[in-house]
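1. build me a structure from this.
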Amino acid sequence: MELQDVDHVLPDGRVLLSEVSFRAGEGTKTALIGANGTGKSTLLDLVAGGTEPWSGTVRRSGGLGVMPQFLGGRTVRELVLELSPERLRAAGRRLDAAEDALIESDGVAEQLRYAEALTEYGDAGGYEAEASWDRCCRAVVAVPYEQVRFRDTDRLSGGQQKRLALELLFGGPDEVLLLDEPDNFLDVPGKEWLEQRIRDSDKTVLFVSHDRELLHRSANRVVTIELHPAGNTVWTHGGGFATYDDARADRLERLEERRRRWDESRVRLVRLVHELKQKASYNDGMAGRYQAARTRLARFDAAGPPEEVPRRPRLQMRLGGGRTGRRVLTCTQLALDGLTEPFDTEVFYGERVAVLGANGTGKSHFLRLLATLDPDGADGVEPVAHHGTARLGARVVPGWFVQTHRHPELTGRGLAELLVAGGPRRRGIGPEQAMRALARYDLAGAAHRGFETLSGGQQARLQVLLLELRGATLLLLDEPTDNLDPYSADVLQEAVEAFDGTILTVTHDRWLARSFDRFLVFHGDGRVSESDRPVWSER
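-> Below is the predicted model:
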């Protein structure tokens with residue numbers, strides 16, 4: 001696939017992408033990265049043909065398999081057809097329509113259409129494909145395709161939806177795959193499986209991901225969408241993530257040096273033209289040199305400046321924290337009803353505790369329970385049924401980052417208004433101070449938008465800002481990096497490491513987990529245990 005000088009303009013007239021050019025050669029594994037909202041999903045849609053570029057060309061070769069970011073709202077049958085080659089997709093939909101018509105009426109015309117649809121479905125490879133779909137369904141949901149074909153995908157877990165789609169695409173005939181955040185909702189064993197499939201596949205894969213570990217283990221090329229006021233552009237790094245950071249730093253340094261030299265050269269030319277103009281005003285012999293200098297400056301300006309230095313996201317997260325008593329949390333024979341067996345644990349000031357385990361083992365419930373222990377900050381928090389006790393220590397102020405980003409108390413109000421008004425354990429701040437705080441989190445442009453209108457990454461950054469303003473001394477972070485681009489995740493990790501307090505984090509982010517020093521593992525059989533290293537699967 002290849003894009004050449006592609007522009008994309010949003011309905012409101014803003015240029016989102018400008019002169020985008022890159023190529024993904026046969027068999028390459030290309031990661032598409034960039035800050036939240038820079039146009040990664042739009043760029044995938046341009047490659048897929050779902051959106052026509054404003055200008056420029058998009059060339060594709062071979063069959064194209066596309067995995068959208070969201071897979072709910074359809075049946076399993078509709079999903080497998082959507083991920084099939086074009087001819088089979090059309091034949092399958094025609095057959096389904098003919099079957100529905102035959103149920104309504106079994107007249108000669110309906111029977112004839114059904115027979116024709118069956119023939120076309122067979123010629124398109126439908127029956128061979130059903131054997132493949134059956135293998136995928138058995139592998140993911142342990143049910144034959146015929147039993148699950150009419151089930152709504154919303155009845156599958158997010159991880160099952162992703163895994164089924166990936167099994168279909170990697171096992172299918174398409175030579176080129178476009179994957180939009182394929183690792184979302186996958187647990188760590190699922191991510192490790194995905195990494196292996198990407199590396200071992202002969203297919204050309206272009207994928208968007210925020211998981212830093214997956215990016216490092218899977219990509220052999222990186223396309224970065226860079227921020228520019230006149231429309232975002234791309235830069236391609238021909239190696240993997242092992243060399244990406246150094247290569248990008250060198251590139252930005254070269255661009256800044258070239259721009260600095262260009263600016264200095266123009267200042268010298270403008271000064272020369274000004275000096276010669278003054279001399280020519282009283283010395284006719286200088287007129288020729290003055291005109292030559294003007295022509296030189298005009299040609300210099302016509303050639304234009306070198307490539308503009310891309311704008312770097314400006315994020316400054318200041319999670320201050322504060323000193324508490326030595327014992328921050330004490331759990332005695334604590335059992336989350338229906339989820340865990342009784343367990344004891346103590347957490348002390350300054351510790352970084354990663355809470356690990358498979359989905360559904362009670363990790364998020366555990367953090368929510370701890371959030372409810374603060375009587376001044378637990379309004380609206382759903383209680384957690386439990387037995388045993390959990391107690392906070394002296395001067396402990398918990399701050400809770402919610403994985404689902406469901407905050408009804410923030411809905412319908414502008415961000416600046418929320419900061420000025422304040423909230424539980426969070427005093428209001430002045431309008432100017434609010435705008436400066438939003439700017440530090442790269443949210444100034446959304447100051448008057450409601451929380452519900454923000455992207456997942458913007459919502460995550462706002463939640464961290466609210467934790468900062470709350471003055472929390474115990475951070476309860478539930479999958480804090482899930483919706484953050486790699487740069488934002490790095491900034492958050494630096495803020496967490498500098499935090500003067502105690503942290504409990506539920507995470508499937510292997511990159512983040514390596515920076516923690518204690519690991520509390522929730523097992524599928526209800527046990528809760530300690531480990532001296534991250535435990536991602538029970539083998």
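
2. give me every residue that touches V20.
-> Going by CB atoms under 8 Å, 6 or more residues apart in numbering, V20 touches 3, 5-8, 43, 56, 232-234. For the C-beta atoms, the positions are set from N, CA and C on the backbone; glycine is no exception.

3. want to try TSV for these, with distance to E130, secondary structure and neighbour count as columns?
-> Compiled in TSV, the contacts of V20 are given as follows (distance: CB to CB, whole Å; DSSP: H, G, I helix; E, B strand; the rest coil; neighbours: other CB atoms under 10 Å):
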residue	distance to E130	secondary structure	neighbour count
L3	35	strand	23
D5	42	strand	12
V6	37	strand	21
D7	42	strand	15
H8	38	strand	23
L43	33	helix	29
G56	39	strand	17
N232	42	strand	27
T233	44	strand	18
V234	39	strand	22
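
4. remind me which helix or strand E257 belongs to.
-> Per DSSP states H and E, E257 falls inside helix 244-280.

5. ok, now L520?
-> Using DSSP H and E, L520 sits within strand 518-522.

6. name every strand pairing with that strand and say which way it goes.
-> Taking DSSP bridges as the criterion, strand 518-522 sits next to strand 352-357 (parallel), strand 528-531 (antiparallel) in its sheet.

7. tell me the buried residues in the shortest one?
-> Buried residues in strand 528-531, defined by neighbour count with 16 or more other CB atoms under 10 Å: V528.

8. report the distance from it to the chain centre.
-> Taking CA atoms, centre = their mean, to the nearest Å, one finds strand 528-531 lying 30 Å from the centre of the chain it belongs to.

9. send the alpha carbons of that strand over as PDB?
-> Once non-C-alpha atoms are left out, strand 528-531 reads as follows in PDB (Å, rounded to 0.1, in the frame of the first residue of the first chain):
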ATOM      1  CA  VAL A 528      -5.300 -13.100  46.200                       C
ATOM      2  CA  SER A 529      -1.500 -13.400  46.600                       C
ATOM      3  CA  GLU A 530       1.700 -11.400  46.600                       C
ATOM      4  CA  SER A 531       4.400 -11.800  44.000                       C
END
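
10. list the buried residues in the host helix or strand of S21.
-> If you go by DSSP H and E, S21 is part of strand 15-23. For strand 15-23, the neighbour count (16+ other CB under 10 Å) marks 15-20, 22 as buried.

11. for L32, what is the enclosing helix or strand?
-> Under the criterion DSSP H and E, the helix or strand holding L32 is strand 29-33.

12. okay if I get the strands paired with strand 518-522 as CSV plus mean pLDDT and distance to C136?
-> Supplementary listing: those in CSV, determined by pLDDT from 0 to 100; distance: least, CB to CB, whole Å:
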stretch, mean pLDDT, distance to C136
strand 352-357, 94, 26
strand 528-531, 94, 33
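
13. I'd like these laid out as a markdown table, including distance to S132.
-> Supplementary listing: the strands paired with strand 518-522 in a markdown table, determined by distance: least, CB to CB, whole Å:
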| stretch | distance to S132 |
| --- | --- |
| strand 352-357 | 33 |
| strand 528-531 | 39 |
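
14. L476 is nearest to which of the ones you listed?
-> Distances from L476 to each of those were compared by CB to CB, and the smallest falls on strand 352-357, at 9.4 Å.

15. any chance you could map the strands in the stretch 151-300 of the chain?
-> In the stretch 151-300 of the chain, the segments counted as strands under DSSP state E, counting those that start in this stretch are 176-180, 204-208, 221-226, 233-237.

16. TSV for those strands, including distance to L214 and mean pLDDT?
-> Formatted as TSV, the strands of the stretch 151-300 of the chain follow (distance: least, CB to CB, whole Å; pLDDT from 0 to 100):
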stretch	distance to L214	mean pLDDT
strand 176-180	11	95
strand 204-208	9	96
strand 221-226	13	94
strand 233-237	17	93
